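Enquirer: The sequence and its predicted three-dimensional model are supplied below.
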Amino acid sequence: MKQFFLVGALLGALSSSAAAQDATVYIGHGINGTDLALTEELPVDVTVNGSVLLAGFEFRSFTDGLVLPEGPYRIEIGVADPVNPGTQPALIDVTVDLFSGENATILAFLDDTGALTAGKFLNNTSMSPRLNGYVSAAHTAFAPAVDLRLGRVNESDGGILRGVTNGVSAGQVLEAGLFGIDVVAAGTKTRVLGPLFLPVLPQSNTAIYVVGSLSNGTLEALTLSY
């Protein structure tokens with residue numbers, strides 16, 4: 001079960017009243033522990049600017065949106081220590097810059113070499129037309145470039161996000177309805193994940209993160225509505 005620790009300077013950041021300078025951030029865990037010969041849930045502790053923000057944070061989890069002032073944030077992620085959270089060596093140590101007014105997800109995932117990393121992905125919060133929703137997809141798996149095919153179930157409309165590489169996201173506006181999603185090796189018809197089914201609601205915003213390892217057979221899609 002995930003726990004939240006709002007302490008020290010981070011607590012001050014979360015309670016900041018300078019709304020014009022704030023960013024909204026979701027934190028996600030996209031690393032399947034079996035890809036590291038560990039338990040699938042892979043509980044981790046997440047430290048931000050030296051303070052423990054999340055303890056026992058498990059694979060497939062996302063936080064609610066956190067409101068943080070703009071600026072650089074050092075994020076350290078290590079295997080969870082239930083007795084002394086945040087004391088295990090960092091497996092991921094990155095600095096992410098947040099900017100005024102942006103909405104973003106910071107996700108831990110495997111890079112294109114299979115190494116552990118974390119990165120920021122911007123979320124599009126603009127309002128879609130009345131009968132449409134916005135869907136983005138991010139390649140955050142240990143796998144080559146992929147095409148993401150989106151098609152309305154039982155109809156021919158939709159689209160293809162082509163040649164998406166690790167660490168890259170792309171998106172498009174779709175007419176509301178139930179869509180099927182296939183992940184295929186770029187430029188081919190070889191399916192590596194799917195079909196998955198996603199309801200696109202009017203004026204909704206949804207992010208899809210393809211995580212895992214192709215060689216280990218652990219590819220899956222995590223979704224976040226924001």
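Expert: Cool, got the structure. Remember, it's a predicted structure, so these values are computed and weren't measured experimentally.
Enquirer: what secondary structure does Val211 sit in?
Expert: strand (DSSP: H, G, I helix; E, B strand; the rest coil).
Enquirer: For it, list the residues it contacts.
Expert: Gly30, Ile31, Asn32, Phe109, Leu110, Thr140, Ala141, Leu219, Glu220, Ala221, Leu222 (CB atoms under 8 Å, 6 or more residues apart in numbering). No exception for glycine: its C-beta is placed from N, CA and C like everyone else's.
Enquirer: Would you mind giving the domain segments of this structure?
Expert: In terms of domains, the chain is parsed into 1-122, 126-226 (source: automatic domain parsing).
Enquirer: Please convert the ones you listed to CSV, extending it with mean pLDDT.
Expert: Shown next, in CSV, are the domains of the chain (pLDDT from 0 to 100):
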stretch, mean pLDDT
domain 1-122, 88
domain 126-226, 88
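Enquirer: returning to what we had before: and which of the contacts of Val211 is nearest Ile77?
Expert: Ile31 (8.8 Å; CB to CB).
Enquirer: Now do the nearest residue in space to the closest one that is not next to it in sequence against Gly163, distance only.
Expert: The shortest distance from Ile31 to any non-neighbouring residue, by CB to CB, 6 or more residues apart in numbering, is to Ala108 (5.4 Å). Applying CB to CB, to the nearest Å, the value for Ala108 to Gly163 is 24 Å.
Enquirer: now swap in Lys120 and tell me
Expert: 21 Å.
Enquirer: And for Leu198, the neighbour number?
Expert: Neighbourhood size, Leu198 [other CB atoms under 10 Å]: 20.
Enquirer: A strand includes Phe59, no?
Expert: No: counting by three-state DSSP, Phe59 is located in no strand; its state is coil.
Enquirer: now it: how far from Gly119?
Expert: For Phe59, the distance to Gly119 - CB to CB - is 17 Å.
Enquirer: Compare these two and say which one has the larger neighbour count.
Expert: Set Phe59 next to Gly119 and count neighbours by other CB under 10 Å: Phe59 wins out with 24 against 19.
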